[in-house]
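> below are the sequence and a predicted model; questions follow.
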Amino acid sequence: MLVMINIAQLWILAATVDAALARHYSVLLPLVVASGVCFVITLSIIKWWRPTSRKKTSTGYVRDNHR
Amino acid sequence: MSSKKNLSETIERVLSDESDVRAATAPFQAEFPYERDEEAQVTRREFCNFLGLTSAALFVGAAGFATKAALDARESVSLPPARIDGAAALAPNSSLNFSYPSERDSAILIRTTDGAYHAYGQKCTHLSCPVYYSREHQRLECPCHEGAFDAATGNVLYGPPPRALDTIEVESRDGQVWAVGRTAAQPENGG
């Protein structure tokens, strides 16, 4: 998922460069916002995603060997 | 049955301890100078962090590029006239490279077959490759992605460029050709 988001951001960056060179200024802001949304999603995944094989305890996430 | 059990135990052991994965590599690889142990020690969390940093870099890049483009668009300065050396001796249906307004801004002066002078910024409006004058076709061509521009107007003839070339206004003064201004063309579909 993170790799896919990175690829999408790479595409957005290419579109931003293309739009800037073509002086299509009206699309620059939406492109930057889209890249920012991708970045926020990436941060959210890194912050909150955990493997399903882990369970949360009072000291953090540990491997659940009983599954 | 016992072999299946052994296999599953091995898989479990290998998955639980990365040092076993490294130990399972061929003996000749130990002779290579790079630190294989360190190279193999990339945890899932580190990989995620790397992707997070990449995401941040891509966001900063897009924001920076857009900001610079927007700031450049607001900038309006009056450019000083500059004489184009060698332009007066330029033969019809030929071109001359020069820089205007600064040394970094490469430009191309064209003298068409009717003797008129036209000057344009040399950066292709697609992806900034330098355009050149094709004497055979009497037009400006971009070698990177096969775009072409009209020599007399700078307008796009065909190819991927989204707008005309930047136009440099030229004047004849005392038998010399001077560059007196530079105008960026707007996209053909608005924007």
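Done, it's in. Numbering: from 1, shown residues only, chains lettered A, B, ... in the order given.

> and the gap between the nearest residue to B:Gly147 once chain neighbours are set aside and chain A?
Once flanking residues are discounted, B:Gly147 sits nearest to B:Gly159: 2.9 Å by Cβ to Cβ, 6 or more residues apart in numbering or on different chains. (Glycine included, C-beta is placed from N, CA and C.) Separation of B:Gly159 from chain A (Cβ to the nearest Cβ, to the nearest Å) stands at 13 Å.

> and if you look at B:Tyr100?
For B:Tyr100, the distance to chain A - Cβ to the nearest Cβ - is 19 Å.

> wait, that residue touches B:Ile168, no?
Yes - with contact defined as Cβ atoms under 8 Å, B:Tyr100 counts as touching B:Ile168 (5.8 Å).

> now list whatever residues contact both of the two.
B:Ala107, B:Ala119, B:Ala179, B:Arg182 (Cβ atoms under 8 Å, 6 or more residues apart in numbering or on different chains).

> out of the residues you listed, who's the most crowded?
For the shared contacts of B:Tyr100 and B:Ile168, the largest neighbour count, defined by other Cβ atoms under 10 Å in any protein chain shown, is 26 neighbours, found at B:Ala119.

> contacting residues for that residue?
B:Ile84, B:Phe98, B:Tyr100, B:Ala107, B:Ile108, B:Leu109, B:Ile110, B:Thr167, B:Ile168, B:Glu169, B:Val170, B:Ala179.

> what residue ranges in chain A score low on pLDDT?
A:51-67 (pLDDT under 70).

> go with 90
Applying pLDDT under 90 to chain A picks out residues A:18-26, A:46-67.

> so which bits of it are right by chain B?
Residues of chain A lying close to chain B by Cβ under 8 Å from any Cβ of the partner chain are A:2-3, A:5-6, A:9-10, A:12-13, A:16-29, A:31-32, A:35-36, A:38-39, A:42-43, A:45-46, A:51.

> one more pass at 7 Å, please.
For chain A, the contact set with chain B under Cβ under 7 Å from any Cβ of the partner chain comprises A:2-3, A:5-6, A:9-10, A:12-13, A:16-17, A:20-26, A:28, A:31-32, A:35-36, A:38-39, A:42-43, A:46.

> sorry, back to before: export the contacts of B:Ala119 to CSV and tack on secondary structure and pLDDT?
Output for the contacts of B:Ala119, formatted as CSV (DSSP: H, G, I helix; E, B strand; the rest coil; pLDDT from 0 to 100):
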residue, secondary structure, pLDDT
B:Ile84, coil, 88
B:Phe98, strand, 91
B:Tyr100, coil, 86
B:Ala107, strand, 92
B:Ile108, strand, 93
B:Leu109, strand, 92
B:Ile110, strand, 92
B:Thr167, strand, 89
B:Ile168, strand, 91
B:Glu169, strand, 90
B:Val170, strand, 90
B:Ala179, strand, 89
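
> compare these and tell me which is most surrounded.
Counting neighbours by other Cβ under 10 Å, B:Ile168 leads those with 27 neighbours.

> mind telling me what element A:Val33 is part of?
If you go by DSSP states H and E, A:Val33 is part of helix A:28-48.
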